[in-house]
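> need a structure here:
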Amino acid sequence: MQFKPLADRVVVKPFEEMETKKGGIIIPDTAKEKPMQGEIIEVGPGRTSDDGNKIGMEVKKGDRILYGKYSGTEVSVGEAEYLIMRESDIFAIIQGK
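Below you'll find the model as predicted:
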């Protein structure tokens with residue numbers, strides 16, 4: 001299934017958090033913090049300003065990003081989990097690998 005975000009929205013695939021152990025105790029998934037990094041899967045066309053001009057997106061498909069902890073709306077497509085958020089919820093593009 002494919003979907004295209006509207007206006008200034010993006011579809012993000014959050015990075016999986018690695019399992020962490022503290023003092024030999026495995027932390028359950030419910031206690032782990034949500035990752036705040038991900039990869040942009042799809043990008044909307046941009047928003048339209050009040051005077052009717054199209055404002056393009058600064059991010060593009062494939063960008064690795066940092067976003068707010070509670071940003072976006074969680075969406076499940078098949079078994080995959082995605083976030084749909086506005087471009088303004090993105091804090092930074094991660095440069096390099």
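
> stretch 74-94: how far from the chain's middle?
Mean-position distance between stretch 74-94 and its chain equals 3 Å (Cα atoms, centre = their mean, to the nearest Å).

> list the buried residues in that stretch.
Within stretch 74-94, the residues that count as buried by 16 or more other Cβ atoms under 10 Å are 82-85, 87, 89-90. Any C-beta I mention is one placed from the backbone N, CA and C, and that applies to glycine too.

> reformat the residues you listed as JSON lines; add secondary structure, pLDDT and distance to Ser49.
Below are those laid out as JSON lines (DSSP: H, G, I helix; E, B strand; the rest coil; pLDDT from 0 to 100; distance: Cβ to Cβ, whole Å):
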{"residue": "Tyr82", "secondary structure": "strand", "pLDDT": "94", "distance to Ser49": "28"}
{"residue": "Leu83", "secondary structure": "strand", "pLDDT": "95", "distance to Ser49": "25"}
{"residue": "Ile84", "secondary structure": "strand", "pLDDT": "96", "distance to Ser49": "22"}
{"residue": "Met85", "secondary structure": "strand", "pLDDT": "97", "distance to Ser49": "20"}
{"residue": "Glu87", "secondary structure": "helix", "pLDDT": "95", "distance to Ser49": "14"}
{"residue": "Asp89", "secondary structure": "helix", "pLDDT": "95", "distance to Ser49": "19"}
{"residue": "Ile90", "secondary structure": "strand", "pLDDT": "95", "distance to Ser49": "19"}
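
> farthest-apart pair in those, please.
In those, the most distant members under the criterion Cβ to Cβ are Tyr82 and Glu87, with 15.6 Å between them.

> follow-up on the earlier one: which one of the buried residues of stretch 74-94 is nearest Gly68?
Asp89 (5.7 Å).

> how about the closest one: what's its closest non-neighbour residue?
Spatial nearest neighbour of Asp89, chain neighbours left out: Ser71 (3.9 Å); criterion: Cβ to Cβ, 6 or more residues apart in numbering.

> surely the one you found is in contact with Ile84?
No - look at Ser71 against Ile84 with Cβ atoms under 8 Å: they stay out of range, at 9.9 Å.

> for the residue lying closest to Ser49 once chain neighbours are set aside, list the residues it contacts.
Nearest non-adjacent residue to Ser49, counting by Cβ to Cβ, 6+ apart: Ile55, 5.6 Å away. Ile55 makes contacts with 8, 46-49, as judged by Cβ atoms under 8 Å, 6 or more residues apart in numbering.
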